[in-house]
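Q: Okay, sequence plus prediction incoming.
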Amino acid sequence: MNGQSKSVGGYSTVPVDWDVVPLAKVAFFQEGPGLRKWQWTDSGMKVINVTNILGDGQIDTANTRRFISMEEFTKTYSHFSVDDGDIVIASSGNTYGKTGRISAKDLPLMMNTSVIRFHSGNAQLLSDDFLYAFLRSEFFRNQVESFVTGSAQPNFGPSHLKQMVMPLPPLPVQQRIAGILSAYDELIENNQRRIRILEDMARSLYREWFVHFRYPGHESVPLVDSPLGQIPQGWEVRKLGDIAEDMRRSIPKGQL
């Protein structure tokens, strides 16, 4: 790369020596079918929808219970199954554009409407990891915003994706870029995991000390009656307004 860049359709800039190609030329994408409520069952083939794609890129298939029968899946919808490594994007609703990556632990799955899956159409031209990075980029997001339709229920679909473009550097460059971004993703995920652990520890400590009153030295302090039930001797029940000052101020309009 020579350090120079070029503008691409007003969406973004890329190094001048990178190719820019139609997305449909190098990537496979497919939207899920429009399933109806009467098709839902309590077991069978799990159906992924926008709720399962979390804001941080994770996939949570346990937060919904939507299935269709295996018989119906096999007969009619088997070509909508999701594969390990597929990238999925929410294409409808207020959280359109949320992007996640499917792993083996999430399977078996099939798509529902408002979810589009992607993978490379040719591994010799396009790395799946680079495609994942692109689909989370400002370049892609700007294109989505230019095509999205609907105000109450914004959405975009395959017809719009067929009009989009993506940068296509040489495969070794794609792999280096994806490797760097993957390392950052892993670091962020590890930090988020540590934060969740610390939050759980803080909640547990609060319950122990201020709900169950099992704080250090509690064994030597008897419990006494209070308007809230039994509390440690020496503790008081007071109104919050008596011990804390209510401070309010407006935010200047220009700071919103």
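A: Yes, it's here. Numbers count the residues shown, from 1 in each chain.
Q: So for stretch 48-62, what gets flagged as buried?
A: For stretch 48-62, burial by neighbour count (16 or more other Cβ atoms under 10 Å) applies to 48-53, 57, 59, 61. Heads up, the C-betas are built off the backbone N, CA and C, glycines and all.
Q: Reformat the residues you listed as CSV; add pLDDT and secondary structure.
A: Converted to CSV, the buried residues of stretch 48-62 look like this (pLDDT from 0 to 100; DSSP: H, G, I helix; E, B strand; the rest coil):
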residue, pLDDT, secondary structure
48, 93, strand
49, 90, coil
50, 91, helix
51, 91, helix
52, 92, helix
53, 92, strand
57, 81, coil
59, 90, strand
61, 91, helix
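Q: Quick check: the farthest pair among these?
A: Within the buried residues of stretch 48-62, two members stand farthest from each other by Cβ to Cβ: 49 and 57, at 16.3 Å.
Q: Low-confidence bits of this protein, can you list those?
A: 1-3, 246-256 (pLDDT under 70).
Q: In it, what residue spans correspond to strands?
A: 5-8, 12-15, 19-22, 27-31, 45-48, 67-68, 87-90, 99-101, 110-111, 115-120, 165-168, 223-224, 231-232 (DSSP state E).
Q: C-alpha coordinates for the fourth one, CSV please?
A: Taking C-alpha atoms only, strand 27-31 is exported to CSV below (Å, rounded to 0.1, in the frame of the first residue of the first chain):
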residue,chain,number,x,y,z
ALA,A,27,-20.2,-13.1,-0.8
PHE,A,28,-23.1,-15.5,-0.4
PHE,A,29,-26.1,-14.1,1.5
GLN,A,30,-29.6,-15.4,2.2
GLU,A,31,-32.6,-14.1,4.1
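Q: Going forward, the N-terminal residue is numbered 56.
A: Will do, 56 is the new start, and the previous item becomes strand 82-86.
Q: If you count contacts, what does that strand end up packed against?
A: Strand 82-86 sits against strand 170-175, helix 213-216, with contacts defined as 3 or more Cβ pairs under 8 Å, 6 or more residues apart in numbering; DSSP states H and E.
Q: May I have the strands that pair with the first one, each with its orientation?
A: Strand 170-175 has the following sheet partners, assigned by DSSP bridges: strand 82-86 (antiparallel), strand 142-145 (antiparallel).
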